[in-house]
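1. Turn this into a structure:
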Amino acid sequence: MRVALFITCVNDTLFPETGRAVVTLLRRLGCDVEFPPAQTCCGQMHLNTGYPREGERLARHFADVFAGYDAVVVPSGSCAAMVREQYPKLARRPPEPVRVPSVPVPSVPPAQDRALPSGPAPAAPAAPAAPAVPAVFADEVAEMVPRVHELSEFLVDVLGVTDVGAYFPHRVTYHPTCHSLRGLRLGDRPTRLLERVRGLELVPLPAADECCGFGGTFAVKNPAVSAAMCADKVRNVTATGAEVLCAADNSCLMHIGGTLGRQRAGVRTMHLAEILAATEGTR
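-> Numbers count the residues shown, from 1 in each chain. Presented below is the predicted three-dimensional model:
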């Protein structure tokens, strides 16, 4: 199976080890994994902050870059949800109104200073035609969306595996991020994978379905509320006695990990892919 890795901006910039873990894991399971170097942002940040036109441009680029692959694997519930939920809406979005430049009107001398023209009056200059909007984007999205999978979805639903040959002898708790829980509805796919990791002790996280307070730009626009929500999440994480907090989104782990670090809680954060890629020789 020819699989493309969509690394996402956060992972590519701050957590490249997650991308390497995905490649290691999928190749171990027999996939032919490629990393299209022309990939860019999925456009979620632009769409969420009120720039749908820019988001649509990035969505069109995504469709071009990842055309032709059997599957596109995304180590992020947030970005996978953007492609699966928002791209079809962007494809149905009406085109932006075209701003037609005004045509300058030449000055005309007073009637007494000019001879009256004979024959019909000349026609006014025609306004430039609006560019046609290609209709193929909607077709590209409809064909592409079913091939885009968050990592745990791909492993469980497409490859049909829960035991990926991982070994990780640590006490772990799992945080279901909002997009993976409510957007993609991953359900128990991540925990089913974690339960089959040799040596791993999985402990339930109290109030697991509560948001950690990150929410992308929400944490920037509402820092006090975001910090209070994260404090609640960290309190529940430390109550488990876990050594490692795991999730499917590094953005949320980064947010929670910041508070864990400031509190010197002794709990480290790891993306699901890194745990599943671990073997006896690496952990």
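2. From now on I want contacts and neighbour counts done on CA atoms only, so please keep to that.
-> Will do.
3. buried stuff in stretch 234-254?
-> 234, 236-238, 240, 242-254 (16 or more other CA atoms under 10 Å).
4. Now, the residues you listed that are in strands?
-> Judged by DSSP state E, the subset of the buried residues of stretch 234-254 located in strands is 244, 245, 246, 247.
5. Return the member of those residues nearest to residue 276.
-> Nearest to residue 276 among these is residue 246, at 10.8 Å by CA to CA.
6. Let me have the ones in strands among the buried residues of stretch 234-254 in TSV, adding distance to residue 258 and pLDDT as columns.
-> TSV is the format used below for these (distance: CA to CA, whole Å; pLDDT from 0 to 100):
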residue	distance to residue 258	pLDDT
244	14	98
245	12	98
246	14	98
247	15	97
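7. biggest separation within those residues, which pair?
-> Greatest spacing in these, by CA to CA: 244 and 247 (10.0 Å).
8. any common contacting residues for these two?
-> Residues touching both residue 244 and residue 247 (CA atoms under 8 Å, 6 or more residues apart in numbering) are residue 270.
9. my guess is residue 54 contacts residue 46, does it?
-> Yes - proximity of residue 54 to residue 46 meets the contact threshold set by CA atoms under 8 Å, at 6.4 Å.
10. for the protein, which spans come out with low pLDDT?
-> 95-135, 283 (pLDDT under 70).
11. check contacts around residue 62.
-> 39, 40, 42.
12. Tell me the one among these nearest to residue 27.
-> Using CA to CA, the contacts of residue 62 come closest to residue 27 at residue 39, 20.5 Å.
13. isn't the closest one right next to residue 6, touching?
-> Yes - Residue 39 is within contact range of residue 6, at 7.3 Å (criterion: CA under 8 Å).
14. out of those two, which sits in the busier spot?
-> residue 6 (30 against 19; other CA atoms under 10 Å).
15. Could you pull up phi and psi at that one?
-> phi -100, psi 110 (degrees, to the nearest 10).
16. That one: what's its closest spatial neighbour, skipping adjacent residues?
-> residue 74 (5.2 Å; CA to CA, 6 or more residues apart in numbering).
17. So what does that neighbour look like in phi/psi?
-> phi -120, psi 120.
18. Might you report the residue contacts of it?
-> For residue 74, the contacting residues are 5, 6, 7, 8, 80, 148, 149, 150, 151, by CA under 8 Å, 6+ apart.
19. Could I get the phi/psi values of the third one?
-> The phi/psi pair for residue 7 (degrees, to the nearest 10) reads phi -80, psi -30.
20. For it, the count of nearby residues, please.
-> 25.
21. rewinding a little: next, format the contacts of residue 74 as CSV and append secondary structure and distance to residue 19.
-> Below are those laid out as CSV (DSSP: H, G, I helix; E, B strand; the rest coil; distance: CA to CA, whole Å):
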residue, secondary structure, distance to residue 19
5, strand, 8
6, coil, 9
7, coil, 6
8, coil, 9
80, helix, 15
148, strand, 16
149, strand, 15
150, strand, 13
151, helix, 11
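22. Dump these to TSV, plus distance to residue 188.
-> What follows is these, written out as TSV (distance: CA to CA, whole Å):
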residue	distance to residue 188
5	23
6	23
7	23
8	23
80	17
148	19
149	15
150	13
151	13
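23. Out of those, grab the one that's most surrounded.
-> residue 6 (30 neighbours).
24. ok, now how distant is that one from residue 141?
-> 16 Å (CA to CA, to the nearest Å).
25. How about residue 86?
-> 10 Å.
26. do the same with residue 246
-> For residue 246 relative to residue 141 (CA to CA), the value is 31 Å.
27. can you check residue 262 too?
-> 43 Å.
28. My guess is residue 38 contacts residue 65. True?
-> Yes - judged on CA under 8 Å, residue 38 makes contact with residue 65 at a distance of 6.6 Å.
29. count of residues packed around the closest residue in space to residue 218 that isn't next to it in sequence?
-> Nearest in space to residue 218, with sequence neighbours left out and distances taken as CA to CA, 6+ apart, is residue 226 at 7.3 Å. Look at residue 226: counted by other CA under 10 Å, it has 19 neighbours.
30. where along the stretch 1-150 of the chain do the strands fall?
-> 2-5, 32-34, 71-74, 148-150 (DSSP state E, counting those that start in this stretch).
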